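# Dropping a prediction and its sequence here:
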Amino acid sequence: EPFARMNADPEVTRFLLGPISRDKSGEFVDRLEAHFAGRGYGLWAVEVPGEAPFIGYVGLWFRDFEAHFAPAVEIGWRNDLPYWGKGYATEAARSALADGFGRVGLKEIVSFTIPANLRSIAVMERLGMTRDLDGDFDHPNVPRGDPHRRHVLYRIAAP
């Protein structure tokens, strides 16, 4: 229920392709579970112990679409609106990076968003990710003409 509610919030999904239905959220969960089963990593639920059992998600996702940097592993996050600006995305993402570089053994992790998504860009920079100034790209899963098509690319290499 909290996952579907978060995904249906127009403000939470403003920099994505917009809100999604409960059914689409359920399909997303199915993809998450299949990704975890197949890859051994994926997106984690984020909680605030003693306050909220679910505030969002963070984690790693294999990306193999038409882009100059793919295939790659992306780190991403999404928090429910009441939990924005409190450091939860950064804290959880640090754990996901450590897992990716440690247990999973990745050499590089990327992240990307639209240029207007300044909150996510700030998280990327707090994580030590660097913008690839030559890496901006048109996201192949976003329709031509959509204002969310152009993305900026950030990278971080294993320590």
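Received the coordinates, thanks.
# Return the set of buried residues in the top helix by length along the chain.
Counting residues, the longest helix found in the chain (DSSP state H) is helix 22-39. Across helix 22-39, burial judged by 16 or more other Cβ atoms under 10 Å covers 25, 28, 32, 35. Heads up, the C-betas are built off the backbone N, CA and C, glycines and all.
# got the contact list for the third one?
So that's residue 32. Listed by Cβ atoms under 8 Å, 6 or more residues apart in numbering, the contact set of residue 32 reads 42-43.
# next one: the first one
Contact partners of residue 25, counting by Cβ under 8 Å, 6+ apart, are 3-4, 7-8.
# Residue 6 is in contact with residue 22, correct?
No: Residue 22 is beyond contact range of residue 6, at 11.3 Å (criterion: Cβ atoms under 8 Å).
# Show me the helices in the protein, by range?
2-7, 22-39, 88-101, 118-126.
# okay, these in JSON lines with mean pLDDT and distance to residue 159 next?
Listed next are those as JSON lines, based on pLDDT from 0 to 100; distance: least, Cβ to Cβ, whole Å:
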{"stretch": "helix 2-7", "mean pLDDT": "94", "distance to residue 159": "32"}
{"stretch": "helix 22-39", "mean pLDDT": "95", "distance to residue 159": "22"}
{"stretch": "helix 88-101", "mean pLDDT": "99", "distance to residue 159": "6"}
{"stretch": "helix 118-126", "mean pLDDT": "98", "distance to residue 159": "16"}
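# quick one: buried residues of the longest strand seen in the chain?
Under DSSP state E, the strand in the chain containing the largest number of residues is strand 52-63. In terms of neighbour count (16+ other Cβ under 10 Å), strand 52-63 has its buried residues at 54-61, 63.
# and if you look at stretch 134-143?
135, 137, 139, 142.
# For the residues you listed, give me CSV that also has pLDDT and distance to residue 100.
CSV is the format used below for the buried residues of stretch 134-143 (pLDDT from 0 to 100; distance: Cβ to Cβ, whole Å):
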residue, pLDDT, distance to residue 100
135, 97, 19
137, 98, 21
139, 96, 22
142, 94, 25
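# Return the subset of those residues lying in strands.
Using DSSP E, those in strands are residue 137.
# So which of the buried residues of stretch 134-143 is the closest to residue 107?
residue 135 (16.6 Å; Cβ to Cβ).
# Thank you, goodbye.
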